[in-house]
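> What would the 3D arrangement of this be:
(chains A and B)
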Amino acid sequence: MIRSVRGVHDILPAEAGKWRRVERAAREVFEAYGYEEIRLPLFERTELFARGIGEATDIVQKEMYTFDDRSGESVTLRPEATAGLLRAYIEHGLHVLPKPVKLYTLGAMFRYERPQAGRYRQFHQLDVEALGDEHAALDAEVIAMLVELFRRLGLADRLSVEVNSLGDEASGCRPRYRTELVAYLRAHAAGLCEECRERAEKNPLRALDCKRPECRPVLDRAPALGAFLCADCTTHFARTREYLAALGVRHVVSPRLVRGLDYYVRTTFELTTAELGAQNAIAGGGRYDGLIKLLGGPPDPGIGFAVGVERVVQLLPDADREGSAEHRARVFVIPLGEAALKGVLPAATALRARGVAVEVGHGDRKLGRELERAGRLGVGHVVIVGEAELERGEAIVKEMKSGTQRAVKLGELVEALLALGGRA
RNA sequence: GUGACCGUAGCUCAAUUGGUCAGAGCACUGGACUGUGGCUCCAGGGGUUGUGGGUUCGAUUCCCAUCGGUCACCCCA
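Numbering: from 1, shown residues only, chains lettered A, B, ... in the order given. Next comes the predicted model:
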C-alpha cells in the first residue's frame, strides 16, 4: 500500500464541513472589512524566503521544503504566505492602488518539521495583509477583524488576545533594547538554562519567552522593552490600544510576546488558547514596516496575520448528524427495474439542474433495502417508481419522516419536489 | 534534529508467564421480509498481527533495525 507522506493529512468528508465553515466565515469577515482575495503560487524562488523571513531564522535554516527544479533553480514550497504576497504586490505594482491595499489568501503551507499536535508538514493558513498604511487605527482594525472571525465561529470566549510592541528597527529603539538585553543576559548567564544562554547570542528576544521555571527570576527582572520604546513607537502602541478599546476588543499586553520572524516591528499580536497543548497559538501577526522595501519594493509599511486552520478546526465541535448531511442528497429516487430507471432519469436530471441534490438507485435492489439506504442518508423524500406507476405515468413521493406518500404525475414531479423546497 | 510512548480487520479494541489466539463490537454485503425504511435474527467478505531480520520446536507476545502514529523539546500558525 502506498501511504501518504509523513506529516501530511487527508481531510475526509466527515471533517471537510468544518473546513468549509472556517473558510466561508473567513471570506465573509475579511470581505466585510474590505479585503480582496489574492491567489498565490505554492512555491517561490528560495531567495524570496531567505530574504523575507530572515536567513537566521529556524524556518529558513532547517524547516524549508527546498529543492532544485530541472533547470537547476532552487525553489521552495512556501512556509508562510506573507513573502509571496508581498512579492506579488511589488511585481504587479499593486502599490499604486488606494492605500491601504487590503489582501487575503488562504491555502497550504509547508515546513519540514517533525509532526506534533497542531503542527504538520503541510498545514493551512488564512493570511491577511494590509499594505501602505501605518496608522494605529489600522493595527486595531486588523486585530478586531481577527477577533470578529473567531466570534463568528463561536470560539471567541475560548481565546485570549495578546498584544505587544517590539519597537522599530529604523528609529533604533529595538536595536538599543536588544543591546541592553544581551548585556543583561550575559551578565546573569549563571541563572539561565543552557538554551537561554544560546538564545542570548542568537535570538535574545526569544529568551524572554522561556518556559523553564529556573530562568524566571532572571528573566522577570530583565529590562522591559516598553521602557525602551521611542516616542513614536510608544505613541503608536498607546493609540493602537485606545482604538482597540473603542472597538471593544478585550486584550492583554504581553511583554514576552516576541514573534519568531525577523521582520516584525511595533505591533505584534497573538490569539492563544489553553486547549491545544503545546501549540497554543492559533493565530498571530504583526507589523512589518521595512519588509516591502527589503524585498525590492516601495518603502510601504504593512501589517498582517496568519491563522492556523488546523488549530481552528480542532476547536470546532463535531458537526451533528443533521449538519453533516447538509450537502447530501435531498431526494432519493428508487426505480424498481430497468424500465423504471430509464423512465425516471430525465426527471432526476431536471431536478439536479434546478439545484436539488438527487441520488438515484440502480433499479436492481429490493425496495426495502433502498428505503433503508435512503433513511441512513438522511434524505427528506424518496421517489418510488415501479412498473405499476410507470404504466400510469406516475411516481410515488414519500416523506421519510412521516412515512406519508402520494402519487404524482411524472411530468409534474420536478415542480412537486421543488415545491417541497427547504423541507426536502 | 533530540527524547518518550505506541503500531492486531475500514473503525474501536481483545488474545492468561511465547503454545489452535487470529477474535469481538461497529461498519459493509446478502438472506429471513416476491413492491415500503431506520428494530431484530442469521450468514458472508475482509488481516502475510506496519515492514525486514533475529532468538525459539513454536512469536501478536521476546530482541534489533526500519517505516509510520502520538506527545514533548527546538521552533512556530
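> Beyond the host helix or strand of A:L244, next helix or strand please.
Per DSSP states H and E, A:L244 falls inside helix A:231-246. Counting by DSSP H and E, the element after helix A:231-246 in chain order, helix or strand, is strand A:252-253.
> what packs against that next one?
strand A:160-165 (3 or more CB pairs under 8 Å, 6 or more residues apart in numbering; DSSP states H and E). Yep, even glycine has a C-beta here, placed from its N, CA and C like the rest.
> between the helix or strand following the strand it packs on and strand A:160-165, how big is the angle?
Per DSSP H and E, the first helix or strand lying C-terminal to strand A:160-165 is helix A:173-187. For helix A:173-187 against strand A:160-165, the angle by axes from the mean of the first three to the mean of the last three CA atoms, to 10 degrees is 100 degrees.
> could you give the mean pLDDT of stretch A:7-19?
The average pLDDT within stretch A:7-19 is 87.
> And stretch A:177-190, by the same measure?
On average, the pLDDT along stretch A:177-190 is 85.
> that older thread, using CSV, write down the CA coordinates of the helix holding A:L244.
Written as CSV, here are the backbone C-alpha positions of helix A:231-246 (Å, rounded to 0.1, in the frame of the first residue of the first chain):
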residue,chain,number,x,y,z
ALA,A,231,8.4,58.4,21.5
ASP,A,232,6.8,57.5,18.2
CYS,A,233,6.5,53.8,19.0
THR,A,234,5.2,54.5,22.4
THR,A,235,2.5,56.7,20.9
HIS,A,236,1.7,54.2,18.2
PHE,A,237,1.2,51.4,20.7
ALA,A,238,-0.8,53.6,23.1
ARG,A,239,-3.1,54.7,20.2
THR,A,240,-3.5,51.1,19.0
ARG,A,241,-4.7,50.2,22.4
GLU,A,242,-7.1,53.1,22.5
TYR,A,243,-8.6,52.1,19.2
LEU,A,244,-8.9,48.5,20.4
ALA,A,245,-10.8,49.7,23.4
ALA,A,246,-13.0,51.8,21.2
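> buried stuff in it?
Residues of helix A:231-246 classed as buried by neighbour count (16 or more other CB atoms under 10 Å): A:C233, A:T234, A:H236, A:F237, A:T240, A:R241, A:Y243, A:L244.
> Remind me what that helix packs against, helices and strands.
Judged by 3+ CB pairs under 8 Å, 6+ apart, helix A:231-246 is in contact with helix A:136-152, strand A:160-165, strand A:265-272.
> let's see 7 Å
Other elements packing on helix A:231-246 under the criterion 3 or more CB pairs under 7 Å, 6 or more residues apart in numbering; DSSP states H and E are helix A:136-152, strand A:265-272.
> next one: the first one to chain centre, how far?
This means helix A:136-152. In terms of CA atoms, centre = their mean, to the nearest Å, the centre of helix A:136-152 is set 15 Å apart from its chain centre.
> Over to stretch A:269-288?
Relative to its chain's centre, stretch A:269-288 lies at 12 Å (CA atoms, centre = their mean).
> Quote the end-to-end distance of that stretch.
In stretch A:269-288, first residue to last residue: 12 Å (CA to CA, to the nearest Å).
> Other residues contacting that stretch?
Contacts to stretch A:269-288, defined as CB atoms under 7 Å, 6 or more residues apart in numbering, come from residues A:116-119, A:139, A:143, A:146, A:150, A:158-163, A:257, A:259, A:263-268, A:301-308, A:311-312, A:314-315.
> ditto for stretch A:210-227
A:166-167, A:177, A:180-181, A:184, A:188, A:191-193, A:195-196, A:207-208, A:255.
> now the helices for the stretch 301-424 of chain A?
Here the stretch 301-424 of chain A has its helices, by DSSP state H, counting those that start in this stretch, at A:309-315, A:321-324, A:338-353, A:367-377, A:387-392, A:413-420.
> how about A:L155, phi and psi?
Phi and psi for A:L155, reported as degrees, to the nearest 10, are phi -110, psi 0.
> Count the neighbours of the nearest residue to it once chain neighbours are set aside for me.
Counting by CB to CB, 6 or more residues apart in numbering, A:L315 is the residue found nearest to A:L155 once chain neighbours are left out, at 5.4 Å. Neighbour count of A:L315, defined by other CB atoms under 10 Å: 18.
> can you check A:P299 too?
12.
> now the buried residues of helix A:231-246 in a markdown table, with pLDDT?
Shown next, in a markdown table, are these (pLDDT from 0 to 100):
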| residue | pLDDT |
| --- | --- |
| A:C233 | 93 |
| A:T234 | 94 |
| A:H236 | 95 |
| A:F237 | 95 |
| A:T240 | 97 |
| A:R241 | 96 |
| A:Y243 | 97 |
| A:L244 | 96 |
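> Now distance to A:L377 too, for these, in TSV please.
Shown next, in TSV, are these (distance: CB to CB, whole Å):
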residue	distance to A:L377
A:C233	59
A:T234	61
A:H236	57
A:F237	55
A:T240	51
A:R241	52
A:Y243	50
A:L244	48
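> who touches whichever residue of the stretch 101-250 of chain A sits closest to RNA strand B in this structure?
Scanning the stretch 101-250 of chain A for the residue nearest RNA strand B gives A:A117, at 3.0 Å (criterion: CB to the nearest atom of the strand). Applying CB under 7 Å, 6+ apart to A:A117 gives the contacts A:L276, A:G277, A:A278, A:Q279.
> ditto for A:E387
Going by CB under 7 Å, 6+ apart, A:E387 touches A:L336, A:G337, A:A339, A:A340.
> Of those, grab the buried ones for ChimeraX.
Here is the ChimeraX command that selects the buried residues among the contacts of A:E387 (16+ other CB under 10 Å):
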select /A:336,340
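> biggest separation within the contacts of A:E387, which pair?
A:L336 and A:A339 (9.2 Å; CB to CB).
> Buried subset of the contacts of A:A117 as a ChimeraX selection?
This is how ChimeraX selects the buried members of the contacts of A:A117, with burial counted by 16+ other CB under 10 Å:
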select /A:276,279
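> From the contacts of A:A117, list the ones also adjacent to RNA strand B.
Among those, the residues lying close to RNA strand B (CB under 7 Å from any atom of the strand) are A:G277, A:A278, A:Q279.
> In the contacts of A:A117, find the pair that's most separated.
Largest separation among those by CB to CB: A:L276 and A:A278, giving 8.0 Å.
> Kindly reformat the buried residues of helix A:231-246 as CSV and extend each row with distance to RNA strand B.
Shown next, in CSV, are the buried residues of helix A:231-246 (distance: CB to the nearest atom of the strand, whole Å):
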residue, distance to RNA strand B
A:C233, 21
A:T234, 24
A:H236, 21
A:F237, 19
A:T240, 19
A:R241, 21
A:Y243, 23
A:L244, 19
